[in-house]
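Visitor: Mind looking at a prediction? Sequence and model below.
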Amino acid sequence: MALTLYSLLLWSVALPVLLARLGLRALRNPAYRSRLSERFSLGASLAEPCDIWVHAVSVGEVKAATPLVNELLKLRPHLRILVTTMTPTGTEQVAASFGDRVRHCYAPYDYPFAVKRFLEQARPRLLVLMETEIWPNIINHCHARGIKVAMTNVRLSEKSARGYRAVGFLVRDILAKVSVFAVQSDSDQERLVTLGANAARVHRTGSMKFEVQLPASLREVAQVVRRDWGRDRPVVVAGSTHQGEETMLLKALMRLRENFPDILLVIAPRHPERFDATVREARKAGFRVNRRSQQPGPLHDGVLVQVADTMGELPILYAAADVAVVGGSLIRIRGIGGHNLLEPCAVGVPVLFGPYMSNFQQISRMAQVRQAGLEVRGEAELTAQLVRLLNDPSLRTTIGENGLAMVSENTGATRRALDLLLPLLNQAVMNEAGKI
């Protein structure tokens, strides 16, 4: 009954909102206009069935899933893995992370007709949902078809838990159909159990986001980037920024020029549709601006702002920086809650982040305790900490080394998750063999 009511609400209330939101996004980013049929499982989007379906909403989830998928393919090279996303940037990250080693399509919206058509084409043996993705119809229809469902790298904030408790009658039934949960922390484990998950199925594995996989050539490429920027000039890279944060960074840059006349601020907006707006804002603020996609070699004299309008380069840019700033955290932005501060930590660069890190609450706290990163509140504090770090190479080195150690000491979540997933896959294979 609860699931029927949920599906009726999807049709009557959510569908108009969903289509309007998709239309607005398509206006800002033309990539949302392509492959629309896949979102409703219309047409034959899948050429053949898969063994494992991994659902990762966007860039962050794809990056978290990358070590897991790579290990699965290493252990069982013949596995057919399908990775689904919900955003164009997630799609681009799948291509960058895996090439043609996996297949990709957009995940179907959680409407019964779309889910049924998708499962008829994909026919997975195992569904792996990255992080806290509770899709009632997807989970229900997988369970009805005997497809095992696992939720991995689960992070459940108290705010999210309160929201799920409001529809506890539905959530309890859906969580009962999940075979295993791999959660990031003890708090996540406790909250999930209070929502109705079977405690015996909930396992603390740690965060897969510590499993930062860097290209083998990263250091060499970063050295070339730094040479083109200027080896002796101070460089700050602000990654995954959102509207309003660039304004704060540009104001900070005006003050930083008093101490560092040749400073370079590299801004990497989170969403491609904001590249042009960021360039315009920096020019309006009076800075000479360069777009990274149009940088043929060394930067021209007088360029103080570069907008990183390329995809997949952020780890390289962080590695070439003196200091990193992680966006999505500097100002309160609805539905964001920070981005991954472990990427700069993994390349030994000191990192600054704002107070709005709800999606990385435990990691940001750990970074502060381990002195691997610094929280800043507001423009004045951001500017002061940047001055402090840029003036003190020894402090930058110490914080960078602390970050490297923190990442290194907290790896292992992927291996622990694999230990939970492989028995499910083996069981699914045996069940299929028994039906033949």
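Guide: Nice, thanks for sending it over. It should be emphasised that the depicted structure is a prediction, and the values quoted were computed from it without experimental measurement.
Visitor: Which stretches in the stretch 1-150 of the chain count as helices?
Guide: 2-9, 15-28, 59-75, 88-98, 112-122, 136-144 (DSSP state H, counting those that start in this stretch).
Visitor: What ranges in this structure fall below the confidence cut-off?
Guide: 1, 43-47, 430-436 (pLDDT under 70).
Visitor: mind giving me the domain split of it?
Guide: Per automatic domain parsing, the structural domains of the chain span 26-211+412-435, 218-409.
Visitor: what about residue 172, how many residues close to it?
Guide: Counted by other C-beta atoms under 10 Å, the residues lying close to residue 172 total 15. Yep, even glycine has a C-beta here, placed from its N, CA and C like the rest.
Visitor: cool, and the one 3 residues further on?
Guide: Residue 175: 23 surrounding residues under other C-beta under 10 Å.
Visitor: Spatially central residue in this structure, please.
Guide: residue 60 (0.8 Å; C-alpha atoms, centre = their mean).
Visitor: returning to that earlier point: which one of the helices of the stretch 1-150 of the chain lies nearest to residue 373?
Guide: When the helices of the stretch 1-150 of the chain are compared by C-beta to C-beta, helix 59-75 sits nearest residue 373, at 17.3 Å.
Visitor: thinking again about what came up before, hmm, residue 337 and the residue nearest to the centre of the chain touching each other?
Guide: No. Residue 60 lies out of contact with residue 337 (C-beta atoms under 8 Å); the separation is 10.8 Å.
Visitor: nearest residue to the residue nearest to the centre of the chain other than its sequence neighbours?
Guide: residue 340 (6.1 Å; C-beta to C-beta, 6 or more residues apart in numbering).
Visitor: before we move on, what SS does that neighbour have?
Guide: Here residue 340 is recorded as coil under DSSP: H, G, I helix; E, B strand; the rest coil.
Visitor: OK, contacts around it?
Guide: Applying C-beta atoms under 8 Å, 6 or more residues apart in numbering to residue 340 gives the contacts 60, 63, 209, 240, 326, 360.
Visitor: could I get these as a markdown table with distance to residue 259?
Guide: Listed next are the contacts of residue 340 as a markdown table, based on distance: C-beta to C-beta, whole Å:
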| residue | distance to residue 259 |
| --- | --- |
| 60 | 34 |
| 63 | 35 |
| 209 | 34 |
| 240 | 26 |
| 326 | 22 |
| 360 | 30 |
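Visitor: Closest to residue 52 out of the residues you listed?
Guide: Nearest member of those to residue 52, counting by C-beta to C-beta, is residue 63, at 18.0 Å.
Visitor: just checking, the closest one touches residue 93?
Guide: Yes. Proximity of residue 63 to residue 93 meets the contact threshold set by C-beta under 8 Å, at 6.6 Å.
Visitor: same for the longest helix belonging to the chain, what does it pack against?
Guide: For the chain, the helix reaching the highest residue count under DSSP state H is reported as helix 413-435. Secondary-structure packing of helix 413-435 (3 or more C-beta pairs under 8 Å, 6 or more residues apart in numbering; DSSP states H and E): helix 59-75, strand 126-130, strand 148-154, strand 180-183.
Visitor: Any idea which of the domains of the chain gets closest to residue 12?
Guide: Using C-beta to C-beta, the domains of the chain put domain 26-211+412-435 closest to residue 12, at 12.0 Å.
Visitor: Can you lay out the helices and strands packed on helix 413-435 as TSV showing distance to residue 87?
Guide: Listed next are the helices and strands packed on helix 413-435 as TSV, based on distance: least, C-beta to C-beta, whole Å:
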stretch	distance to residue 87
helix 59-75	7
strand 126-130	13
strand 148-154	18
strand 180-183	23
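Visitor: List the buried residues for stretch 125-144?
Guide: Using 16 or more other C-beta atoms under 10 Å as the burial criterion, the residues of stretch 125-144 that qualify are 125-143.
Visitor: how far does it sit from the chain's center?
Guide: Here stretch 125-144 is found 19 Å from its chain centre; the criterion is C-alpha atoms, centre = their mean, to the nearest Å.
Visitor: Using CSV, write out the CA atom coordinates for it.
Guide: Output of stretch 125-144 as CSV, limited to C-alpha atoms (Å, rounded to 0.1, in the frame of the first residue of the first chain):
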residue,chain,number,x,y,z
ARG,A,125,22.5,-10.3,-11.0
LEU,A,126,23.5,-7.6,-8.4
LEU,A,127,22.6,-4.0,-7.9
VAL,A,128,25.1,-1.8,-6.1
LEU,A,129,23.8,1.6,-4.9
MET,A,130,26.5,4.1,-4.1
GLU,A,131,26.0,6.1,-0.9
THR,A,132,22.5,6.8,0.4
GLU,A,133,20.3,6.1,-2.7
ILE,A,134,17.0,4.7,-1.5
TRP,A,135,14.9,4.2,-4.7
PRO,A,136,11.7,2.3,-3.6
ASN,A,137,10.5,1.0,-6.9
ILE,A,138,14.0,0.1,-8.1
ILE,A,139,14.8,-1.8,-4.9
ASN,A,140,11.3,-3.4,-4.9
HIS,A,141,11.4,-4.6,-8.5
CYS,A,142,14.9,-5.9,-8.1
HIS,A,143,13.8,-7.9,-5.0
ALA,A,144,10.8,-9.3,-6.9
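Visitor: my read: residue 265 touches residue 253, true?
Guide: Yes. Residue 265 is within contact range of residue 253, at 4.9 Å (criterion: C-beta under 8 Å).
Visitor: shared neighbours of those two, which are they?
Guide: 304, 305.
Visitor: one step back: output the longest helix of the chain as PDB, nothing but the C-alphas.
Guide: The C-alpha trace of helix 413-435 is given here as PDB (Å, rounded to 0.1, in the frame of the first residue of the first chain):
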ATOM      1  CA  ALA A 413      37.000   0.400   2.700                       C
ATOM      2  CA  THR A 414      36.900  -1.000  -0.900                       C
ATOM      3  CA  ARG A 415      38.400  -4.300   0.200                       C
ATOM      4  CA  ARG A 416      35.900  -4.600   3.100                       C
ATOM      5  CA  ALA A 417      33.000  -3.800   0.700                       C
ATOM      6  CA  LEU A 418      34.200  -6.300  -1.800                       C
ATOM      7  CA  ASP A 419      34.200  -9.000   1.000                       C
ATOM      8  CA  LEU A 420      30.500  -8.200   1.400                       C
ATOM      9  CA  LEU A 421      29.600  -8.000  -2.300                       C
ATOM     10  CA  LEU A 422      31.400 -11.100  -3.700                       C
ATOM     11  CA  PRO A 423      29.300 -13.600  -1.700                       C
ATOM     12  CA  LEU A 424      26.100 -12.000  -3.000                       C
ATOM     13  CA  LEU A 425      27.400 -12.300  -6.600                       C
ATOM     14  CA  ASN A 426      28.500 -15.900  -6.100                       C
ATOM     15  CA  GLN A 427      25.100 -16.700  -4.600                       C
ATOM     16  CA  ALA A 428      23.300 -15.100  -7.600                       C
ATOM     17  CA  VAL A 429      25.400 -17.100 -10.000                       C
ATOM     18  CA  MET A 430      24.600 -20.400  -8.100                       C
ATOM     19  CA  ASN A 431      20.900 -19.500  -8.000                       C
ATOM     20  CA  GLU A 432      20.900 -19.000 -11.800                       C
ATOM     21  CA  ALA A 433      22.700 -22.300 -12.300                       C
ATOM     22  CA  GLY A 434      20.100 -24.100 -10.200                       C
ATOM     23  CA  LYS A 435      17.300 -22.800 -12.400                       C
END
